[in-house]
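In: Provided below are the primary sequence and the corresponding predicted coordinates.
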Amino acid sequence: MALASFLVRRILLGVLVLWVISVAVFALFFLAPHDPARLLAGKEATPQTVALITARLGLDKPVVVQYGEFVGRLARGNLGYSYYNSEPVTHLIVSRLPVSVSLAVGAAVLWLLIGISAGVLAATRPRSVADRLVTAGSLFFYSMPVFLLGVLLLYFLFFRLWTSGVHLFPGSGYVSLLASPLQWARYLFLPWLTIALGSAATYSRLTRSGLLDVLGQDYVRTARAKGLSGWRVLIVHALRSALTPIVTQAGIDLGIILGGVVITENIFGLPGLGALAVQSITTQDLPVIIGIVLLASLFVVVANIVVDLLYTVLDPRVRVH
Amino acid sequence: MSTADLAVQPEREAAPGGARPGAGLSPWQLAWRRLRTDRLAIASVVVILVIVAAAIAAPAFAALTQHGPDQQFTTAGLTAQGLPRPPGARFWFGTDDLGRDLLVRVVYGARISLLAGVVASVLAVAFGTVVGMFAGYFGGPTDSVLSRSMDVVLSLPFLLFAIALVAIVGPGLWVSVLVIAFFSWASVGRVTRGQTLSIREKEYIEAARSLGAGSLRVIFIDILPNVIAPVIVYTTLLIPASIAFMATLSFLGIGIVPPTPDWGNMISESLQYYKVAWWFVLFPGLALLITTLAFNLLGDAVRDALDPSTERIFAQR
């Protein structure tokens, strides 16, 4: 069956990508001008202790054997231990994951909402003031680096509001969704907006140009002539065929969102994976950085496969081969 | 679309002097004519030239103000409480937390941003174009290997990978430039490969080959000029992306390391002072935003000029 073989090929490519990344990451470990045993043993360790740890970590074995063991551990979900506090990397990641996922999912929902509605607004009133505003806004937020937008939002929506007595959005911190959904959203709103505004620009452009292509076509006119309401035509008939590039973009953006999360978490003091990654640079905590990189790569690979599958659902004309 | 096809595109504005519109003009002349009459494009070019001039003249700013980029004015440059000084007669953009002149630092920061943006983009485009042409021209196993490598690079979570790399090799200008180029070439490669695939089948390529032209000759003499239009568009749009990437790396502490001024690390430093010193965030931020905006507008206009069949993204006439 075409779909099955397509899926198998996509998954094989995904496995290839992950394999290349595992080799790259392993090579990083070796090229790194550091000695894990010494880092683990602490500053005042005797050479004997260091030698003991080296043997226990298997660092005295040949490179190929070490790579085999590395992959074996990965397959069992073992990402090693932090040099900094000896905690298992998987524990560290699992404890931080809810923050990053909350940030990523909320931001994605927000950017799709803002982007698609702005695009629809612009496309249904081409060359109007609204269209021009959407276009100018898209360019503005598209050109704005995420960290700059974050700092600006922090300044205006947290600090200026706060000094004028409106304590609407907190400037930093995180409340778990389970503890209080309302506080969760309140604390995450500015970080969501930081990620969403920049990404929404791409979606409003895609939606606008996709809709403009479709709105003039015969089948849309037919649907109107049948007496369907403007909204029904727009949403059911026109938007659907403009959706394919939007879904592609969403897949790409969701795949790399763990990268975008890094910046936002650092600005708003959110204790997520991105903040952990940046902290780990200062502590030279390679196992943690590598664990996060591997997880993020897995994200990208899975997102790509899901997008390819969605294509065939959204647009049956897409030939699977 | 190749530049050869552009010649038959209908011309929008009438040629001066009543001549037949677009008669006897090369595709490049047509593109230049469209670009020249585009007010947004001209404005962007002027802005970019001003920024380039400021970057080149950075030492002049330092000489005129007598403030070095890393020079700390612990008495004149800081308030009695030891906080940054607001913009004034002596420090036009105010000072930062160490009493350094922000104007001079912003101007020096432009050097890094432009240098990193342009060099990284040119490296990425050159490499991506060559790889894309080879993949598209040779096809078969060569194409498979090259295309899979592009897929792999495009699947990397680049910011996190950059963090991992820098954690190991240590931060620096050239490391950052290489990192940016490494994560940018693959999309150029993909576009070029697609173009090459269709050009490869054209008759003039067959003609060149039957005259005895070798593969390299065909690729660089016959194919390259016909893929150069999208490549130029890509380069102009890649520059602002690279500038933003560089600033992001510096912001996270893995790009340009202080005291060397860079817009990214200045904004990062200002984060602790934004409540008391708005100018500390504003000027580097504004410089960065204006630069990326100008390049994006120009890239959009260049795309429009070289390939009028695509829809203009940001500006409508």
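Out: Great, that's in hand. Numbering: from 1, shown residues only, chains lettered A, B, ... in the order given.
In: surely residue B:194 meets residue B:133?
Out: No - applying Cβ atoms under 8 Å as the test, residue B:194 and residue B:133 come out as separate, 11.0 Å apart. C-betas here are computed from N, CA, C, even on glycine.
In: which of these two has more neighbours?
Out: Neighbours per residue (other Cβ atoms under 10 Å in any protein chain shown) separate residue B:194 from residue B:133, with residue B:133 holding more: 25 against 15.
In: other SSEs contacting the helix or strand where the more buried one lies?
Out: Here residue B:133 sits within helix B:102-138, counting by DSSP states H and E. Here helix B:102-138 touches helix B:39-56, helix B:58-65, helix B:140-154, helix B:173-200, helix B:224-251, helix B:263-270, helix B:278-306, going by 3 or more Cβ pairs under 8 Å, 6 or more residues apart in numbering or on different chains; DSSP states H and E.
In: a markdown table for those, including distance to residue B:217 and mean pLDDT?
Out: Converted to a markdown table, these look like this (distance: least, Cβ to Cβ, whole Å; pLDDT from 0 to 100):
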| stretch | distance to residue B:217 | mean pLDDT |
| --- | --- | --- |
| helix B:39-56 | 35 | 90 |
| helix B:58-65 | 44 | 82 |
| helix B:140-154 | 17 | 87 |
| helix B:173-200 | 14 | 89 |
| helix B:224-251 | 11 | 88 |
| helix B:263-270 | 44 | 88 |
| helix B:278-306 | 25 | 87 |
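In: TSV for those, including distance to chain A?
Out: Formatted as TSV, the helices and strands packed on helix B:102-138 follow (distance: least, Cβ to the nearest Cβ, whole Å):
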stretch	distance to chain A
helix B:39-56	10
helix B:58-65	22
helix B:140-154	5
helix B:173-200	10
helix B:224-251	4
helix B:263-270	6
helix B:278-306	4
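In: So for residue A:227, which of the ones you listed sits nearest?
Out: Within the helices and strands packed on helix B:102-138, the stretch nearest residue A:227 is helix B:278-306; the backing value is 39.2 Å (Cβ to Cβ).
In: Next up, phi/psi of residue B:78, please.
Out: phi -130, psi 150 (degrees, to the nearest 10).
In: three-state assignment of the closest residue to it other than its chain neighbours?
Out: Counting by Cβ to Cβ, 6 or more residues apart in numbering or on different chains, residue B:78 lies nearest to residue B:99, which is 4.4 Å off, once chain neighbours are set aside. Secondary structure, DSSP: H, G, I helix; E, B strand; the rest coil: residue B:99 is coil.
In: so residue B:99 touches residue B:70, yeah?
Out: No - between residue B:99 and residue B:70 there is no contact, the gap being 11.2 Å when judged by Cβ under 8 Å.
In: got a list of what the residue nearest to residue B:94 when sequence neighbours are not counted touches?
Out: Closest residue to residue B:94 apart from its sequence neighbours, by Cβ to Cβ, 6+ apart: residue B:279 at 3.9 Å. Residue B:279 makes contact with B:84, B:86, B:87, B:93, B:94, B:102 under the criterion Cβ atoms under 8 Å, 6 or more residues apart in numbering or on different chains.
In: Where neighbours are concerned, which of these has the most?
Out: For those, counting by other Cβ under 10 Å, the largest number of neighbours falls to residue B:102: 28 neighbours.
In: Nearest spatial neighbour of the spatially most central residue of chain A, chain-adjacent residues omitted?
Out: The residue lying closest to the centre of chain A (Cα atoms, centre = their mean) is residue A:257, at 1.3 Å. Once flanking residues are discounted, residue A:257 sits nearest to residue A:104: 4.6 Å by Cβ to Cβ, 6+ apart.
In: can you pull the pLDDT of the one you found?
Out: Predicted confidence (pLDDT) for residue A:104: 89.
In: I figured it was touching residue A:255, is that so?
Out: No - look at residue A:104 against residue A:255 with Cβ under 8 Å: they stay out of range, at 10.6 Å.
In: dump the residue contacts of residue A:111.
Out: A:195, A:196, A:197, A:199, A:200, A:203, A:253.
In: For those, give me JSON lines that also has distance to residue A:209 and secondary structure.
Out: Shown next, in JSON lines, are the contacts of residue A:111 (distance: Cβ to Cβ, whole Å; DSSP: H, G, I helix; E, B strand; the rest coil):
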{"residue": "A:195", "distance to residue A:209": "23", "secondary structure": "helix"}
{"residue": "A:196", "distance to residue A:209": "20", "secondary structure": "helix"}
{"residue": "A:197", "distance to residue A:209": "20", "secondary structure": "helix"}
{"residue": "A:199", "distance to residue A:209": "17", "secondary structure": "helix"}
{"residue": "A:200", "distance to residue A:209": "15", "secondary structure": "helix"}
{"residue": "A:203", "distance to residue A:209": "11", "secondary structure": "helix"}
{"residue": "A:253", "distance to residue A:209": "17", "secondary structure": "helix"}
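In: Counting neighbours, which of the residues you listed comes out on top?
Out: Among these, residue A:200 has the most neighbours (other Cβ under 10 Å), with 27 neighbours.
In: And it, how close does it get to residue B:41?
Out: 26 Å (Cβ to Cβ, to the nearest Å).
In: what does residue A:253 give?
Out: Distance of residue A:253 to residue B:41, computed by Cβ to Cβ: 29 Å.
In: quick one: pLDDT of the residue nearest to residue B:215 when sequence neighbours are not counted?
Out: Distances taken as Cβ to Cβ, 6+ apart place residue B:137 nearest to residue B:215, at 6.9 Å, with adjacent residues excluded. Note on residue B:137: pLDDT of 92.
In: Looks like residue B:137 contacts residue B:198 (just checking).
Out: No - using Cβ under 8 Å, residue B:137 is not in contact with residue B:198, being 11.5 Å away.
In: When those two are compared, which one has more neighbours?
Out: residue B:137 (21 against 13).
In: residues contacting that one?
Out: Residue B:137 neighbours (Cβ under 8 Å, 6+ apart): B:196, B:200, B:215, B:218, B:219, B:223.
In: try residue B:142
Out: Going by Cβ under 8 Å, 6+ apart, the list of residues near residue B:142 reads B:134, B:135.
In: what do you get for residue A:124?
Out: Applying Cβ under 8 Å, 6+ apart, the residues near residue A:124 are A:211, A:215, A:234.
In: most neighbours, which of the residues you listed?
Out: residue A:211 (23 neighbours).
In: Residue A:239 versus that residue, what's the distance?
Out: 7 Å.
In: Now do the shared contacts for those two.
Out: Common neighbours of residue A:211 and residue A:239 (Cβ under 8 Å, 6+ apart) are residue A:120.
In: Just give me the neighbour total for residue 267.
Out: You didn't pick a chain, so chain A it is. Residue A:267 has 24 nearby residues by other Cβ under 10 Å.
In: That was the other one, I meant chain B.
Out: 28.
In: The one 3 residues further on too?
Out: When neighbours are defined as other Cβ under 10 Å, residue B:270 has 23 of them.
In: Mind telling me which residue is nearest the centre of chain B?
Out: Chain B, centroid-nearest residue using Cα atoms, centre = their mean: residue B:239 at 0.6 Å.
In: Surely that one is in contact with residue B:291?
Out: No - with contact defined as Cβ under 8 Å, residue B:239 does not reach residue B:291; the gap is 9.1 Å.
In: Near residue B:207, how many other residues are there?
Out: 11.
In: does it count as helix, strand or coil?
Out: Taking three-state DSSP, the label given to residue B:207 is helix.
In: measure it to residue B:136 for me?
Out: 19 Å.
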